[in-house]
Every structure is written in structure tokens, then in C-alpha cells.
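**Student:** Have a look at this prediction, sequence included:
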Amino acid sequence: MARGNITKRGAKSWRLKFEGGEPDPLTGKRHTRYVTFNGTKKGAQGELTRLLAEVDAGISVAPSPVTVADYLAGSMAPTISPAKRANATEL
């Protein structure tokens, strides 16, 4: 069973398409991920194999719409006192 595919996009550009983990338990929708690879087809095949191995091992990181500023604001807010929080957000 094929788990991903490679599509040529330009002279040396390839689109890698693969399933990025288990389906959503609530909706049942699959998580399809796309990655662009620049180089040879053999290199693209190697990259797809590496990405699929990460998914199988559970170490693949899915893209997230959370920005670094949002992440830091959410993670630092409970640990920093209100007096120091104003200075920390000015970074």
C-alpha cells in the first residue's frame, strides 16, 4: 500500500504528499501533509522515506498556526509575576 507520492513540480522541484499520522478521532479526517523538496528525484525519495519514518516513530511535528509570540504569551503568563510580565512582553 502506497503511503505517499512524489510529483514533479519544476526542473528540480518535487512535491511530497503523505499521511501525517492517525486520523482525527472525532471527525475521522486524515491529516495529509505536503512538503516541497528541491533536488533530484532520488533525494526526494529519500526525504519522503525519512518523513514517513518520523511519522511511524511518532516524532513528526505537524505544522501549527500558533506563532512564537502566542506560544510565549501562553506559556510565560502563569509563571511570571505581573510586574515582570510587562517587561517580558516588550521583547
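**Tutor:** Received, thanks.
**Student:** Please read off the pLDDT at Glu90 from the model.
**Tutor:** What the model reports as pLDDT for Glu90 is 60.
**Student:** cool, and Ile59?
**Tutor:** Reported pLDDT for Ile59: 85.
**Student:** Look up how far Gly21 lies from it.
**Tutor:** 11 Å (CB to CB, to the nearest Å). For glycine as for every other residue, the C-beta is placed from the backbone atoms N, C-alpha and C.
**Student:** Between the two, which has more neighbouring residues?
**Tutor:** Neighbours were counted for Ile59 and for Gly21 using other CB atoms under 10 Å; Gly21 has more, 15 against 8.
**Student:** ok, now which ones touch that one?
**Tutor:** Gly21 is in contact with 31, 55, 60, 62, counting by CB atoms under 8 Å, 6 or more residues apart in numbering.
**Student:** ditto for Thr40
**Tutor:** Lys12.
**Student:** re the thing from before, from the contacts of Gly21, which land in helices?
**Tutor:** Assignment to helices by DSSP state H places the following of the contacts of Gly21 there: Val55.
**Student:** Who wins on neighbours among the contacts of Gly21?
**Tutor:** Val55 (19 neighbours).
**Student:** hang on, Arg30 packs against Lys17?
**Tutor:** No - under the criterion of CB atoms under 8 Å, Arg30 makes no contact with Lys17, lying 11.4 Å away.
**Student:** Could you list the low-pLDDT ranges of this protein?
**Tutor:** For the chain, the stretches with pLDDT under 70 are 1-2, 75-91.
**Student:** Pop the domain breakdown of it in here.
**Tutor:** Following automatic domain parsing, the chain resolves into domains at 1-60, 64-91.
**Student:** Please report how far the residue lying closest to Arg30 once chain neighbours are set aside lies from Lys29.
**Tutor:** Spatial nearest neighbour of Arg30, excluding adjacent residues (CB to CB, 6 or more residues apart in numbering): Pro23 at 5.1 Å. The gap separating Pro23 from Lys29 is 6 Å, by CB to CB.
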